[in-house]
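Colleague: Provided below for reference: sequence and predicted model.
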Amino acid sequence: MTSNNMSKIQIAKAKRLRSTPYTSRIEKQGLKAYTTYNHMLLPAAFEGSLEETYYHLKKYVQIWDVAAERQVEISGNDAAELVQLMTCRDLSKSKDLRCYYCPIIDDQARLINDPVVLRINENKWWLSIADSDVILFAKGLAIGKNYKVIITEPDVNIMAVQGPKSFTLMEKVFGKSITDLKFFGFDYFDFKGTKHLIARSGWSKQGGYEVYVEHTKSGLELYDHLFEIGKEFNVKPGCPHLIERIESALLSYGNDFDLNDNPLECGFDKYVNLDNDIEFLGKQKLIDIKKSGVSKKLMGVKIDLDKINLSQAIDITIDSKRVGEVRSAVYSPTFNKVIAIAMVDKPYFVEDTPINVVIDNVPKTGILCNIPFV
Ligand code: THG
């Protein structure tokens, strides 16, 4: 259930577990733990306690190596048709230089991934993917459908700049125009003669940008420059943050949901468009599910506890009957409770329902709530 002895065990690096252009830098900047994501190293902790790094992210600015958010590039005459075939979100009115958060589903409406989709132009798209092999699914569909597309994983390594001070820091480096970017908009900005694709996005709700580094040499100069210029804003290296992301209800593929769940069970309703004639996989299935109602649903849980360390799902019971599982959990200093994300069966997925869990062999009571937490 819990794992507090992890720190002594190392991860064995290999070509298969890919390093990033930033790896050698972050390892000299207080990195404490890695996780893996898309067969790549993703930093999971830096020095300072989880709470210290949480308060730092909410007050200052952090630079994150999120190169593991890989790009699946789909280009060619049938690119738009293939991207639409894979997602239940209507992209028919999408615009160039905009990002779209899109559930990717299969023919049974089960979730393959939840990328940020970048429309570079009508015939060139990037799917900035979570942790599953979307490229294989896309290639299979393209082959089966005989589409005129080219599908690759380009050498793009995202550097995120997150936190409330990210705006002044980025303005200092790129000028006033970068503050004109709207949420989920992107454009190209010059750094010492090299253009970088920069979006106003990122896996925190503290505000910020993501630099899609295509030119590694310039990107590393930018990385160093941001730390130099950022001193006055108390910049630190960081990474996606468990407390911040659960409080902000940013869901994590493979943790909170996976191939056994559909978008309506995960609360992705606003990214499910069924009322028009666009064609995508699993559409009829979603129409049926919507009509009959979901049989399980992602909910929040609040538990009166001051610590938790989850490394696998734990059962939720009501009157000794299993009614779901907790999938992610963390102690939140803001709520002064453990807050968790859980998949709960029908008919129990109702706000304020008391539930039972066993944590570290101790029975505990929790209360179901809606996500986002309030
Ligand atoms: N940035 C980029 N790629 C990514 C992530 C990212 N790929 C993997 C992973 N993260 C994908 N998951 C998410 C989940 C949520 C959001 C982005 C990526 C997100 N959601 C906003 C929200 O919930 O408020 C807004 C979504 C919207 O309404 O359009 O930002 O972080 N490049």
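Modeller: Ah, there it is.
Colleague: by proximity to the ligand, which residue of the stretch 151-300 of the chain wins?
Modeller: Across the stretch 151-300 of the chain, the shortest distance to the ligand (C-beta to the nearest ligand atom) belongs to W203, at 3.4 Å. C-beta coordinates here come from the backbone N, C-alpha and C atoms, glycine included.
Colleague: which SS class is that residue?
Modeller: coil (DSSP: H, G, I helix; E, B strand; the rest coil).
Colleague: let me see the contact set for it.
Modeller: Residues in contact with W203 (C-beta atoms under 8 Å, 6 or more residues apart in numbering) are V66, A160, Q162, P240, R245, L250.
Colleague: next, give phi and psi for I178.
Modeller: As for I178, its main-chain torsions (degrees, to the nearest 10) stand at phi -70, psi -20.
Colleague: in terms of helices and strands, where is the closest residue in space to it that isn't next to it in sequence?
Modeller: In space, and not counting its chain neighbours, I178 is closest to M170: 5.1 Å by C-beta to C-beta, 6 or more residues apart in numbering. Assigned by DSSP states H and E, M170 belongs to helix 166-174.
Colleague: same question for that helix, mean pLDDT?
Modeller: Across helix 166-174, the average pLDDT comes to 98.
Colleague: follow-up on the earlier one: possible to save the contacts of W203 as TSV with distance to I178, neighbour count and secondary structure?
Modeller: As requested, those are arranged in TSV below (distance: C-beta to C-beta, whole Å; neighbours: other C-beta atoms under 10 Å; DSSP: H, G, I helix; E, B strand; the rest coil):
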residue	distance to I178	neighbour count	secondary structure
V66	19	23	coil
A160	14	25	strand
Q162	15	28	strand
P240	22	23	coil
R245	24	20	helix
L250	23	16	coil
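Colleague: now the residue of the stretch 151-300 of the chain closest to the ligand. Its backbone dihedrals?
Modeller: Per degrees, to the nearest 10, the backbone of W203 is at phi -90, psi 50.
Colleague: I'd like the average pLDDT over the longest strand seen in the chain.
Modeller: In the chain, assigned by DSSP state E, the strand with the most residues is strand 321-332. Averaged across strand 321-332, the pLDDT comes to 98.
Colleague: would you mark the buried spots in it?
Modeller: Buried residues in strand 321-332, counting neighbours by 16 or more other C-beta atoms under 10 Å, are found at V323, G324, E325, V326, R327, S328, A329, V330, Y331, S332.
Colleague: how about the second one, what does it touch?
Modeller: When the contact criterion is C-beta under 8 Å, 6+ apart, the partners of G324 are K296, M299, D315, I316, A342, M343, V344, D345, Y348, F349, I355.
Colleague: residues in contact with the fifth one?
Modeller: The reference is to A342. So A342 contacts L298, M299, G300, V301, I316, G324, E325, V326, R327, L368 (C-beta under 8 Å, 6+ apart).
Colleague: how much space separates it from N113?
Modeller: Using C-beta to C-beta, to the nearest Å, one obtains 21 Å as the distance from A342 to N113.
Colleague: could you do the second one as well?
Modeller: As judged by C-beta to C-beta, M299 and N113 stand 22 Å apart.
Colleague: re the thing from before, export the helix holding M170 to CSV, keeping only CA atoms.
Modeller: What follows is helix 166-174, C-alpha atoms only, in CSV (Å, rounded to 0.1, in the frame of the first residue of the first chain):
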residue,chain,number,x,y,z
SER,A,166,6.3,33.1,-14.8
PHE,A,167,4.6,36.1,-16.6
THR,A,168,7.1,38.7,-15.5
LEU,A,169,10.0,36.3,-16.0
MET,A,170,9.0,35.4,-19.6
GLU,A,171,8.2,39.1,-20.4
LYS,A,172,11.8,39.9,-19.4
VAL,A,173,13.2,37.3,-21.8
PHE,A,174,10.7,37.5,-24.7
